[in-house]
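Chemist: predicted model and sequence below, questions to follow.
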Amino acid sequence: MEATQKYRLRVANCIGTIMEVHKKMKSPCKDGRFLSQFEALRKMVRNMDMSNVSEHEVLMVEKATNALLGEFNSAYDSAVRVSLDKKVRH
């Protein structure tokens, strides 16, 4: 698999993870705006020219995803905990 395909997969996995966590939560955003925005982002990533993306940029997206999941863990301590690892590759 080419690096660009791996980058696309890793970024798409981050987006999908955020969407799945959101679906599992009892969210105040019941009108679907949140998920529709992330679905639009997912579509943009599919069409994005990943040859201009670096490993460093993908790692930044993964770190941001892990940080967001960490915030969910803090906010919903009694809910299902998401296992985080600083070196997780989404």
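Modeler: Arrived safely, thanks for sending. Nothing here was measured: the structure is a model prediction, and the numbers come from that model.

Chemist: tell me the spacing between the residue most central in space within the chain and V21.
Modeler: In the chain, the residue lying closest to the centroid (C-alpha atoms, centre = their mean) is C14, at 2.4 Å. For C14, the distance to V21 equals 11 Å [C-beta to C-beta, to the nearest Å]. Any C-beta I mention is one placed from the backbone N, CA and C, and that applies to glycine too.

Chemist: now list whatever residues contact both of those two.
Modeler: Taking C-beta atoms under 8 Å, 6 or more residues apart in numbering as the contact rule, C14 and V21 have no neighbour in common.

Chemist: if we can go back for a sec, quick check: chain neighbours aside, which residue is closest to the residue nearest to the centre of the chain?
Modeler: Once flanking residues are discounted, C14 sits nearest to T65: 4.1 Å by C-beta to C-beta, 6 or more residues apart in numbering.

Chemist: who are the contact partners of the residue nearest to the centre of the chain?
Modeler: Applying C-beta under 8 Å, 6+ apart, we find C14 in contact with V61, E62, A64, T65, H90.
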